[in-house]
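1. heads up, no residue letters with this:
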(Lines give C-alpha, C1' and ligand atoms only; values in the text may rest on other atoms or scores of the structure.)
Protein backbone atom coordinates (compact mmCIF):
# COMPACT_ATOMS: atom_id res chain seq x y z
CA UNK A 1 0.00 0.00 0.00
CA UNK A 2 1.53 3.30 -1.03
CA UNK A 3 0.85 6.87 -0.02
CA UNK A 4 -1.77 8.06 -2.52
CA UNK A 5 -1.20 11.72 -1.65
CA UNK A 6 2.22 11.76 -3.33
CA UNK A 7 2.48 12.31 -7.08
CA UNK A 8 5.37 10.17 -8.31
CA UNK A 9 5.04 11.12 -12.00
CA UNK A 10 8.04 13.49 -12.26
CA UNK A 11 10.23 11.28 -10.08
CA UNK A 12 9.50 8.24 -12.26
CA UNK A 13 10.05 10.25 -15.46
CA UNK A 14 13.44 11.35 -14.10
CA UNK A 15 14.40 7.78 -13.18
CA UNK A 16 13.39 6.44 -16.60
CA UNK A 17 15.39 9.21 -18.30
CA UNK A 18 18.54 8.17 -16.43
CA UNK A 19 18.31 10.89 -13.82
CA UNK A 20 19.33 11.03 -10.19
CA UNK A 21 16.67 11.97 -7.67
CA UNK A 22 16.41 12.58 -3.94
CA UNK A 23 13.47 11.05 -2.08
CA UNK A 24 12.40 10.38 1.52
CA UNK A 25 13.22 7.12 3.29
CA UNK A 26 12.77 5.76 6.82
CA UNK A 27 15.36 8.06 8.43
CA UNK A 28 16.57 10.59 5.85
CA UNK A 29 16.48 11.55 2.21
CA UNK A 30 18.10 9.11 -0.17
CA UNK A 31 19.73 9.55 -3.53
CA UNK A 32 18.33 7.17 -6.10
CA UNK A 33 18.45 6.11 -9.70
CA UNK A 34 17.64 3.20 -11.98
CA UNK A 35 19.95 0.37 -10.83
CA UNK A 36 20.30 -0.81 -14.44
CA UNK A 37 21.66 2.53 -15.64
CA UNK A 38 25.43 2.53 -15.05
CA UNK A 39 25.83 6.21 -15.96
CA UNK A 40 23.21 7.21 -13.38
CA UNK A 41 24.86 5.03 -10.71
CA UNK A 42 28.22 6.58 -11.51
CA UNK A 43 26.67 10.05 -11.20
CA UNK A 44 25.45 9.19 -7.67
CA UNK A 45 28.91 7.93 -6.72
CA UNK A 46 30.48 11.14 -8.06
CA UNK A 47 27.92 13.35 -6.25
CA UNK A 48 28.56 11.58 -2.95
CA UNK A 49 32.29 11.25 -3.54
CA UNK A 50 31.82 7.56 -2.74
CA UNK A 51 34.15 4.77 -3.84
CA UNK A 52 32.51 2.25 -6.19
CA UNK A 53 34.10 -0.66 -4.27
CA UNK A 54 31.73 -0.08 -1.33
CA UNK A 55 28.64 -1.16 -3.27
CA UNK A 56 25.17 0.31 -2.99
CA UNK A 57 21.74 -0.52 -1.56
CA UNK A 58 18.65 -1.27 -3.61
CA UNK A 59 15.23 -0.65 -2.09
CA UNK A 60 12.04 -2.24 -3.36
CA UNK A 61 8.34 -2.31 -2.63
CA UNK A 62 8.39 -6.12 -2.49
CA UNK A 63 10.85 -8.99 -2.71
CA UNK A 64 9.89 -9.94 -6.24
CA UNK A 65 11.30 -6.61 -7.48
CA UNK A 66 14.72 -7.76 -6.24
CA UNK A 67 14.73 -11.14 -8.01
CA UNK A 68 16.50 -9.88 -11.17
CA UNK A 69 19.54 -9.15 -8.97
CA UNK A 70 19.38 -11.71 -6.15
CA UNK A 71 20.34 -15.39 -6.46
CA UNK A 72 17.25 -16.57 -4.60
CA UNK A 73 18.26 -20.21 -5.16
CA UNK A 74 21.36 -19.61 -3.01
CA UNK A 75 19.31 -18.68 0.06
CA UNK A 76 19.10 -21.92 2.06
CA UNK A 77 15.66 -23.07 3.13
CA UNK A 78 16.61 -22.87 6.81
CA UNK A 79 17.58 -19.18 6.40
CA UNK A 80 14.54 -17.99 4.44
CA UNK A 81 12.56 -17.07 7.56
CA UNK A 82 15.49 -14.96 8.75
CA UNK A 83 15.40 -13.11 5.43
CA UNK A 84 11.69 -12.51 5.06
CA UNK A 85 10.88 -11.81 8.72
CA UNK A 86 12.78 -8.51 8.47
CA UNK A 87 10.58 -7.04 5.74
CA UNK A 88 9.03 -4.70 5.11
CA UNK A 89 11.11 -2.69 7.50
CA UNK A 90 14.32 -0.77 8.20
CA UNK A 91 16.57 -3.78 7.63
CA UNK A 92 19.02 -3.91 4.75
CA UNK A 93 20.10 -7.47 4.06
CA UNK A 94 23.20 -8.71 2.28
CA UNK A 95 22.04 -11.42 -0.11
CA UNK A 96 23.88 -13.47 -2.74
CA UNK A 97 23.75 -12.05 -6.25
CA UNK A 98 23.20 -13.48 -9.69
CA UNK A 99 26.38 -13.61 -11.80
CA UNK A 100 25.00 -10.93 -14.12
CA UNK A 101 24.40 -8.40 -11.31
CA UNK A 102 26.74 -5.53 -12.18
CA UNK A 103 29.79 -4.74 -10.11
CA UNK A 104 28.83 -1.06 -10.12
CA UNK A 105 26.03 -2.13 -7.70
CA UNK A 106 27.84 -4.81 -5.67
CA UNK A 107 31.24 -3.15 -5.40
CA UNK A 108 33.87 -5.61 -4.21
CA UNK A 109 31.28 -8.02 -2.79
CA UNK A 110 29.46 -11.17 -3.95
CA UNK A 111 26.36 -9.96 -2.13
CA UNK A 112 24.02 -7.05 -2.71
CA UNK A 113 22.55 -4.87 0.03
CA UNK A 114 18.75 -4.88 -0.44
CA UNK A 115 15.73 -3.67 1.52
CA UNK A 116 11.99 -4.02 1.15
CA UNK A 117 11.12 -0.66 2.58
CA UNK A 118 8.28 0.05 4.99
CA UNK A 119 8.41 3.78 4.27
CA UNK A 120 5.22 4.49 2.36
CA UNK A 121 6.72 7.24 0.19
CA UNK A 122 9.74 5.18 -0.88
CA UNK A 123 7.58 2.10 -1.30
CA UNK A 124 5.15 4.02 -3.49
CA UNK A 125 8.03 5.32 -5.59
CA UNK A 126 9.28 1.77 -6.24
CA UNK A 127 5.74 0.65 -7.09
CA UNK A 128 5.27 3.56 -9.50
CA UNK A 129 8.67 2.90 -11.11
CA UNK A 130 7.93 -0.82 -11.33
CA UNK A 131 11.30 -1.93 -10.03
CA UNK A 132 13.79 -1.26 -7.25
CA UNK A 133 15.87 1.88 -7.08
CA UNK A 134 19.35 2.61 -5.80
CA UNK A 135 19.17 3.97 -2.26
CA UNK A 136 22.08 5.72 -0.62
CA UNK A 137 21.91 8.48 1.93
CA UNK A 138 21.63 11.98 0.51
CA UNK A 139 24.94 13.44 1.63
CA UNK A 140 28.56 13.80 0.78
CA UNK A 141 30.42 10.71 1.96
CA UNK A 142 31.14 11.02 5.68
CA UNK A 143 28.71 13.92 6.25
CA UNK A 144 25.29 13.91 7.93
CA UNK A 145 22.41 12.76 5.74
CA UNK A 146 19.82 15.32 4.63
CA UNK A 147 16.60 15.06 6.62
CA UNK A 148 14.60 17.79 4.85
CA UNK A 149 13.95 19.13 1.37
CA UNK A 150 15.93 22.25 2.23
CA UNK A 151 18.91 20.24 3.46
CA UNK A 152 18.91 18.34 0.14
CA UNK A 153 18.90 21.62 -1.76
CA UNK A 154 21.66 23.09 0.45
CA UNK A 155 24.04 20.26 -0.51
CA UNK A 156 23.03 19.26 -4.02
CA UNK A 157 20.83 22.11 -5.40
CA UNK A 158 20.97 21.93 -9.20
CA UNK A 159 22.94 18.66 -9.36
CA UNK A 160 19.81 16.51 -9.05
CA UNK A 161 17.21 15.84 -11.71
CA UNK A 162 14.31 15.83 -9.23
CA UNK A 163 13.62 16.02 -5.49
CA UNK A 164 10.51 14.26 -4.19
CA UNK A 165 9.37 16.65 -1.46
CA UNK A 166 7.64 14.39 1.07
CA UNK A 167 8.20 13.56 4.75
CA UNK A 168 10.89 11.17 5.93
CA UNK A 169 10.04 8.38 8.36
CA UNK A 170 10.47 8.46 12.12
CA UNK A 171 13.55 6.23 12.41
CA UNK A 172 16.31 8.13 14.23
CA UNK A 173 19.12 6.13 12.59
CA UNK A 174 19.85 4.48 9.22
CA UNK A 175 18.68 0.96 8.46
CA UNK A 176 20.38 -1.95 10.15
CA UNK A 177 22.60 -3.84 7.70
CA UNK A 178 23.03 -7.54 8.29
CA UNK A 179 23.81 -10.76 6.54
CA UNK A 180 20.97 -13.12 7.43
CA UNK A 181 22.90 -16.11 6.10
CA UNK A 182 25.84 -15.61 8.47
CA UNK A 183 24.10 -13.66 11.25
CA UNK A 184 26.74 -10.91 11.06
CA UNK A 185 25.49 -7.34 11.62
CA UNK A 186 27.46 -4.72 9.65
CA UNK A 187 25.67 -1.57 10.90
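-> Cool, the structure landed. Predicted model only: the values in this text are computed from it and were never measured.
2. and the residue lying farthest from the centre of the chain, how far is that from residue 96?
-> Outermost residue of the chain with respect to the C-alpha centroid, by Cα atoms, centre = their mean, is residue 78; its distance is 26.4 Å. Using Cβ to Cβ, to the nearest Å, residue 78 is found at 15 Å from residue 96. To be clear about C-beta, it is placed using only N, CA and C from the backbone, and glycine gets the same treatment.
3. what of residue 187?
-> Counting by Cβ to Cβ - residue 187 and residue 96 are separated by 19 Å.
4. so those two - more neighbours on which side?
-> Here residue 187 and residue 96 are compared on neighbour count by other Cβ atoms under 10 Å; more neighbours surround residue 96, at 17 against 10.
5. shouldn't the more buried one be within a strand?
-> Yes - the assignment for residue 96 (DSSP: H, G, I helix; E, B strand; the rest coil) places it in a strand.
6. show me what contacts it?
-> Counting by Cβ atoms under 8 Å, 6 or more residues apart in numbering, residue 96 makes contact with 70, 71, 74, 75, 110, 111, 181.
7. cutoff 10 Å now
-> 70, 71, 72, 73, 74, 75, 109, 110, 111, 112, 179, 181 (Cβ atoms under 10 Å, 6 or more residues apart in numbering).
8. go ahead and confirm the second one touches residue 110.
-> Yes - using Cβ atoms under 10 Å, residue 71 and residue 110 qualify as a contacting pair, with a distance of 9.3 Å.
9. give me the neighbour count for residue 68.
-> 14.
10. and it, how far is that from residue 97?
-> Counting by Cβ to Cβ, the gap from residue 68 to residue 97 is 10 Å.
11. same thing with residue 45?
-> For residue 45, the distance to residue 97 - Cβ to Cβ - is 18 Å.
12. could I get the full set of strands for the chain?
-> Ranges of strands within the chain are 21-24, 29-32, 57-60, 91-96, 111-116, 133-137, 162-163, 176-179, 184-185, based on DSSP state E.
13. of those strands, which stretch is the most buried?
-> strand 29-32 (a mean of 30; mean count of other Cβ atoms under 10 Å).
14. report the strands that pair with it, each with its relative direction.
-> strand 21-24 (antiparallel), strand 133-137 (antiparallel) (DSSP bridges).
15. check contacts around the residue nearest to the spatial centre of the chain.
-> Closest residue to the average C-alpha location of the chain: residue 135 at 2.4 Å, with Cα atoms, centre = their mean. Contacts for residue 135 were tallied using Cβ under 10 Å, 6+ apart; they are 23, 25, 30-33, 35, 44, 56-60, 92, 113-115, 117, 122, 125-126, 175.
16. for residue 40, same thing?
-> When contacts are counted by Cβ under 10 Å, 6+ apart, residue 40 is found next to 14-15, 17-21, 32-34, 104, 133-134, 161.
17. apart from its neighbours in sequence, what residue is nearest residue 123?
-> residue 61 (4.6 Å; Cβ to Cβ, 6 or more residues apart in numbering).
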